[in-house]
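Colleague: Here is my input; please provide its structure:
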Amino acid sequence: MKKTALITGATSGIGKATAELFAANGIQLILCGRRQERLNQLQTDLSPLTKVLTLNFDVRDRSAIAKTMETLPDEFSNIDILVNNAGNAHGLNTIDKGSLDDWDAMLDINVKGLLYISKAIIPQMVARKSGHIINIGSTAGKEVYPKGNVYCASKHAVDAINQGMRIDLNAHGIRVGAVNPGLVETEFSNVRFKGDEARAQTVYRGFQALKAEDIADIIHFVVTRPYHVNIADLVVMPTAQASSTIINKV
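Modeller: This next block holds a predicted model:
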């Protein structure tokens with residue numbers, strides 16, 4: 001029987017690459033995102049490979065999530081895999097110069113959004129006593145770097161939630177794990193620097209960063225292990241990166 005995966009933040013970066021790889025391997029897809037035109041394009045591109053359902057909502061909107069999850073078509077109603085990928089960073093400032101709006105956006109999307117979508121899906125996994133949740137964290141959830149303050153805090157929260165989920169859902173046979181990437185060249189820095197592409201490009205200059213496809217490959221590996229195997233917490237960096245602040249650039 002084909003498995004069904006729900007991926008948040010599916011319209012770009014790691015989410016999009018994961019959707020493409022899952023589709024190539026016959027996994028049914030529920031793709032969530034805020035940009036309808038990109039969702040439409042993904043459905044066009046991936047439908048020849050697998051069944052695809054797109055959902056246009058913001059993970060910060062808990063009422064929209066609850067309503068949408070309650071009205072899924074029957075063929076998509078049993079979600080086997082949840083990839084909590086939606087997340088972002090806003091700004092790179094010292095704590096005294098940080099923007100309250102940026103802080104709200106990071107905590108609302110990275111933490112509360114992850115909780116809202118998980119809350120909507122976990123009950124059906126508990127009822128079936130099976131399921132797999134992959135939380136996309138970050139090396140920022142393992143260490144704090146200068147000017148990372150609230151973003152790092154949000155990803156430390158994801159790390160704690162991942163551990164808490166695994167403990168609480170253990171009795172129900174549900175697998176829970178996190179993939180924590182270092183520097184991945186996606187739209188991440190464009191968002192962080194509010195569209196300043198020149199500044200965003202400097203982040204990845206002088207070394208070979210990870211690609212979204214690298215992380216998608218790891219996620220696919222994690223979800224295709226035998227069911228008695230749970231990869232609980234995985235950190236992956238480009239070879240040139242030793243920590244959030246030590247990068248071998250040429």
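Colleague: so where's this protein shaky on pLDDT?
Modeller: 188 (pLDDT under 70).
Colleague: now the helices for this protein?
Modeller: 13-24, 36-46, 62-70, 100-106, 114-128, 149-168, 188-192, 197-203, 212-223 (DSSP state H).
Colleague: For the residue nearest to the spatial centre of the chain, list the residues it contacts.
Modeller: Centroid-nearest residue in the chain, with C-alpha atoms, centre = their mean: Asn85, separated by 1.2 Å. By C-beta atoms under 8 Å, 6 or more residues apart in numbering, Asn85 lies in contact with 7-10, 14-15, 18, 136. C-beta here means a position set from N, CA and C on the backbone, and glycine is covered the same way.
Colleague: Also Ile27?
Modeller: Contacts of Ile27 (C-beta under 8 Å, 6+ apart): 2-5, 50, 81.
Colleague: Quickly check those residues for the two that are furthest apart.
Modeller: Thr50 and Ile81 (13.0 Å; C-beta to C-beta).
Colleague: out of those two, which sits in the more crowded spot?
Modeller: Ile81 (25 against 18; other C-beta atoms under 10 Å).
Colleague: quick one: that one from Val222, how far?
Modeller: 10 Å (C-beta to C-beta, to the nearest Å).
Colleague: just to revisit the earlier point, what's the farthest-apart pair in the contacts of Asn85?
Modeller: Ala10 and Ile136 (11.7 Å).
Colleague: Settle it for me: which of these two has more neighbours?
Modeller: Between Ala10 and Ile136, Ala10 has the larger neighbour count (other C-beta under 10 Å), namely 30 against 27.
Colleague: any residues in contact with both of Ile81 and Val222?
Modeller: Common neighbours of Ile81 and Val222 (C-beta under 8 Å, 6+ apart) are Ile134.
Colleague: Wait, Met69 touches Ile121, no?
Modeller: Yes - counting by C-beta atoms under 8 Å, Ile121 is a contact partner of Met69 at 6.7 Å.
Colleague: Could you give the bridge partners of Leu82?
Modeller: Beta-bridge partners for Leu82, by DSSP bridges, are Leu6, Ile133.
Colleague: Spit out the contact partners of it.
Modeller: Taking C-beta under 8 Å, 6+ apart as the test, what Leu82 contacts is 5-6, 117-118, 121, 131-134.
Colleague: Count the neighbours of Leu39 for me.
Modeller: Neighbours around Leu39, by other C-beta under 10 Å: 20.
Colleague: dump the residue contacts of it.
Modeller: Leu39 neighbours (C-beta under 8 Å, 6+ apart): 10-11, 31, 33, 54-56.
Colleague: Restricted to buried residues, select these in PyMOL.
Modeller: PyMOL command restricting the contacts of Leu39 to the buried ones, with burial defined by 16 or more other C-beta atoms under 10 Å:
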select buried, resi 10+11+31+33+54+55+56
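Colleague: Contacts for stretch 124-134, please.
Modeller: Contacts for stretch 124-134 (C-beta under 8 Å, 6+ apart): 77-84, 118, 121-122, 165, 169, 172-179, 219, 222-223, 227.
Colleague: And for stretch 152-161?
Modeller: Counting by C-beta under 8 Å, 6+ apart, 87, 106-107, 110-111, 114-115, 135-138, 140-145, 178, 180, 233 sit against stretch 152-161.
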